[in-house]
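A.B. asks: quick check, what structure comes out for this input:
(chains A and B)
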There are 2 protein chains.
Amino acid sequence: MNAEIITIGDEILIGQIVDTNSQWIGQELNKIGVSVYQISSIQDEKQHILNALKEAEERADIVIITGGLGPTKDDITKKTIAEYFKDTKVVEYSEVVDNIKRIFKKVNHPFNEVQKYQAQLPSKATLLMNQLGTAPGMWFYENNTVFVSLPGVPYEMKGLMTNEVLPKLQKEFSLPFIFHKTIMTYGTGESVIAERIEDWEENLPSFIKLAYLPSFGRVRLRLSAKGENKAFLEETMSKKVQELKKLIPDIIAGIEDGASIEKRIGDLLKERKQTLCTAESLTGGKIASTIVSVAGSSAYYLGSFITYTAKLKEQLLDISKEVIENHSVVSEEVAKQMALAAKNKLETDYAIAVTGNAGPTTDNNDKSVGVVYIAIANNKGIDVQEFNFGQPREKVINRTVTKALELLQKNIMKK
Amino acid sequence: MNAEIITIGDEILIGQIVDTNSQWIGQELNKIGVSVYQISSIQDEKQHILNALKEAEERADIVIITGGLGPTKDDITKKTIAEYFKDTKVVEYSEVVDNIKRIFKKVNHPFNEVQKYQAQLPSKATLLMNQLGTAPGMWFYENNTVFVSLPGVPYEMKGLMTNEVLPKLQKEFSLPFIFHKTIMTYGTGESVIAERIEDWEENLPSFIKLAYLPSFGRVRLRLSAKGENKAFLEETMSKKVQELKKLIPDIIAGIEDGASIEKRIGDLLKERKQTLCTAESLTGGKIASTIVSVAGSSAYYLGSFITYTAKLKEQLLDISKEVIENHSVVSEEVAKQMALAAKNKLETDYAIAVTGNAGPTTDNNDKSVGVVYIAIANNKGIDVQEFNFGQPREKVINRTVTKALELLQKNIMKK
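C.D. replies: So this is what the prediction gives:
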C-alpha cells in the first residue's frame, strides 16, 4: 500500500520552516506497513492543490494532506477539497462549532464569527476529532483512494494521526510488514564499502533493498524488508545482517533499530544504573540538549557546564591559566581536564567534554577551524581523541555532537 | 521564474532524515528572486524519477535535483537523467577522475574502480566543480528549462549552490525582486487577528500576499512582495506594515527581516557590548546551543549551567534546600534564584534561567506537566513569568526556548 504526503503552504516552499511533519508521518506510516511513495510540498493555491490531488490519486492508495485548515483567508484547502470530490459542498458542522465554543470558553476567549469558518467543511468528510485544537481532521474515500486532511500544527497533526488515522488504516486495510535495519559504519567511504560487499549485495533477495546513507563522516547501510510473512522476513534479514557483519567487522559501529543513539545511551545507562554529565565548549549545550530530548533522561543525566570562553573553563572547571596557555584552549589536555573536572564535581559515572573551533574564525587559539577534541571519562580512566571536522560551523558542531555520543556509547559498551 | 526542488532517495520518504536541504535551497532561491513552486521527494527508482522530471518540467523554469549522485549501486539518478535528455549518453569525464584521485590521495585512500563510477556522467552536462566532495554538480538546458543535479550531502550541496548555481542563475536570467516581512504577534489567536485586520487585508495590492503562520503559541503574519521595481515594492510594503502596526499595536512582538531571533539578540548585544549567560533545567542546553549556533557568539555569550537535577541547582547555583522544599523546584522563586546566581557567578549583563516540567511525568514536584518559569535578570533587576506549555515534551521544550529568547529580546530593547 502506497501513500503520498502533500503539505500545503508557502512556509515550506520559501524555506521559512523545515518540513518535520512529513518526516514524522513517513516514520509512522512505515511502522504500520504503509510505504510513502512521494512527498509533495505545494502552494496554497486552488489549481495547484487540484493538480496535486489528481497526481497523488494516480500514484497512491492513501493521500495525507497537511496544512491549510486554519480559520483565515489564506487557507483555501477546504473549499478546494470540496471541489475536488464529486457531489460535495461546504457545509457547517454543528458539532465542530460546539467544540470550538468549548475550547474558547476554556481559555476565556469570546467566540466570534471568523471561528465559525473552521466548522465549514466538505459535506462528504468523516470527521476526525482534534483533541488539541479547533480544526478537525477529515477522512474521505474517492475512486478507491483514501484522502486524509489534517491541520499543519505539528502536535495537532500528531495527535490526530496517533489517535485516529493510524488505527483506522490498520482496522480497514490488511497491511504488509515493513521494517528496516541500519548498520552504522565508520572510517570508510561509500565506494570502498561497496567494493567490499559487492557479492553479498548482488545476492540480496528482491524483498530486501539496500541503501547507502553517507552523512557527517560515516556511512549507514540501510536494509529495508517488505512482505507478508513477518517471521520469514525477520529470519532472512537477520541472516543477511550476520553475513554482512562477517564481511566488514572492522568498520561496523553498531546496528540501529530505529532508536536514536541518545535513546540507546539512555537505555544502557538506566540498565546499569549509571549517570552522565557533560562539559561543552564549541557545541554550547547541543550534546546536553540532545541527551535530554529523551523522555526520562533525568534518571541518568545530571547536568552540564557550558564553558564557552577560556575564562569560564578556569572559573567553573578549575583548569589553570598555565594549562590553557601551554596547551591552547583547544587541546587534548584541556578536553581531558574538562571531562575529569565535570565528572568529579558532579559525581557521575561518565562525563563527555568537548573543546574545539567551530569557526568561521578561531578566536585566540592556535588550532585551525574544524579541529575538535572529545574526551570521555569513566570510572577507570579517560580517553581523548582529536578530530578535524573541516567547515562550515554547522557541520563542525553537528559532527562533534554525533561523534561524542558515538564515543560515549562505545565506551559504555566496552565496560 | 518558478523553481521545483526534487529530492531523490528513500531516506526522506521513510522518515529517516528531515529534508533540511530543500528548506535551505528555498531560502536561497527566494533571496535571488526565484519562487519555489513545488518540492517533491521521490524514490530512487527509474520510472519515478522520469515521471517527476516530466511533471517538474511542465511546472517550473528551473528544476533542482538533489541526491542520488553517490558512487554506489542504489544511485541510478545519473543514468536516468541521461535517459531523460535527448541525445545524451553516460560518458566518463577525465577531469572528474582526476579530481577524485586528488581527493583520495589527500586523505591517503587508495583509488579503486568503484570510484570511477562517479566520473561517469551524462554527456550533455555542464559540470559544476564540487570543492568539498567527489561528486560534481551538473547543469542542463532542455526544452527551455534549466535542470541542476546536486549531491545530497548538505555541505556539498550548499557549496555548489553558493559558488556555482546561484551566481549562474543571476548571471543568465533577469530575476524579479522578492522579499518577505514577518510580523510576530503574541497572545491572540489566528481568527481574532483575522477579524481585527479584515479591511486592511482586503485592501492589500495584488503583488503583496499575506499568510498566517501559527506555531508554538504565537501567530506570525507574513507579507510577501514580488515585482520588478524594488523601490516601489519596498515603499508599498513599508506603508502596509505601518498601517498594520496601527491596527494591532497591542499584540505585535516584533518584525522579522528573515534573521532569526538568536541572530537579532546577538546583534543587539554586540552593539551594546553586553554579555549573556544561561542557567537551564528542562531545556537541557537547548537555549545555549541555539544562541551559539550564531557565528561570532563568543563575543557576547559566556556559558551556562545546566542543572537538570535539584541537587545540581543546590550545588552549582547555591539554591538552598529550603527554597526548593518550600517553593518546589519548578517555581518562580527557583527560576529567579537560578538567573541571579548565574548572572553573578559569570558576571554578565543578562542571564536567562528556566525551570519546568517537560513531561511526560513530573518527577518529585508539585507542578503539572507543561508548567515552566522563565526568568530574565539584567543589571537593574529580574523578571519572572509562569507559562503552561501543555504537552508533549518536545513542544514544552521548544516553546520554552522560543519564549525565553523572546523575553530576552524584549528585555534588552526595553533598556
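
A.B. asks: tell me the contacts of whatever residue of the stretch 251-400 of chain A ends up closest to chain B?
C.D. replies: The nearest approach of the stretch 251-400 of chain A to chain B comes at A:G285, 2.5 Å away (C-beta to the nearest C-beta). For every residue, glycine as well, the C-beta is placed using N, CA and C. By C-beta atoms under 8 Å, 6 or more residues apart in numbering or on different chains, the contact set of A:G285 is A:304, A:306, B:280, B:284-289, B:292, B:304, B:306.

A.B. asks: what about chain A, any weak spots by pLDDT?
C.D. replies: For chain A, the stretches with pLDDT under 70 are A:70-75, A:215-217, A:257-259, A:363-365, A:415.

A.B. asks: give me the domain ranges for it.
C.D. replies: A:2-172, A:177-256, A:261-414 (automatic domain parsing).

A.B. asks: tell me which of those domains sits most buried.
C.D. replies: domain A:261-414 (a mean of 21; mean count of other C-beta atoms under 10 Å in any protein chain shown).

A.B. asks: gap between it and the chain center?
C.D. replies: 22 Å (C-alpha atoms, centre = their mean, to the nearest Å).

A.B. asks: strands of the stretch 201-350 of chain A, start to end?
C.D. replies: For the stretch 201-350 of chain A, the strands defined by DSSP state E, counting those that start in this stretch occupy A:208-215, A:218-227, A:252-256, A:276-280, A:301-307, A:350-356.

A.B. asks: now do the end-to-end distance for stretch A:137-154.
C.D. replies: Counting by C-alpha to C-alpha, to the nearest Å, the length from the leading to the trailing residue of stretch A:137-154 is 13 Å.

A.B. asks: just the helices in the stretch 51-200 of chain A please.
C.D. replies: A:77-84, A:94-106, A:113-116, A:154-160, A:166-172, A:190-196, A:198-202 (DSSP state H, counting those that start in this stretch).

A.B. asks: how about A:F387, what does it touch?
C.D. replies: A:356, A:371-374, A:399-400, A:403.

A.B. asks: and the end-to-end length of stretch A:162-170?
C.D. replies: So stretch A:162-170: terminal residues 12 Å apart, C-alpha to C-alpha.

A.B. asks: so what's A:F147 bridging to?
C.D. replies: Counting by DSSP bridges, A:F147 forms beta bridges with A:V63, A:F140.

A.B. asks: related to what we said a few turns ago, right, and the domains of chain A - which one's nearest B:L244?
C.D. replies: domain A:2-172 (14.3 Å; C-beta to C-beta).

A.B. asks: on that earlier part again, now the helices of the stretch 51-200 of chain A as JSON lines including distance to B:L312?
C.D. replies: As requested, the helices of the stretch 51-200 of chain A are arranged in JSON lines below (distance: least, C-beta to C-beta, whole Å):
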{"stretch": "helix A:77-84", "distance to B:L312": "48"}
{"stretch": "helix A:94-106", "distance to B:L312": "37"}
{"stretch": "helix A:113-116", "distance to B:L312": "45"}
{"stretch": "helix A:154-160", "distance to B:L312": "30"}
{"stretch": "helix A:166-172", "distance to B:L312": "39"}
{"stretch": "helix A:190-196", "distance to B:L312": "43"}
{"stretch": "helix A:198-202", "distance to B:L312": "49"}
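
A.B. asks: want to throw these into a markdown table with distance to chain B?
C.D. replies: What follows is those, written out as a markdown table (distance: least, C-beta to the nearest C-beta, whole Å):
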| stretch | distance to chain B |
| --- | --- |
| helix A:77-84 | 13 |
| helix A:94-106 | 8 |
| helix A:113-116 | 4 |
| helix A:154-160 | 5 |
| helix A:166-172 | 14 |
| helix A:190-196 | 4 |
| helix A:198-202 | 7 |
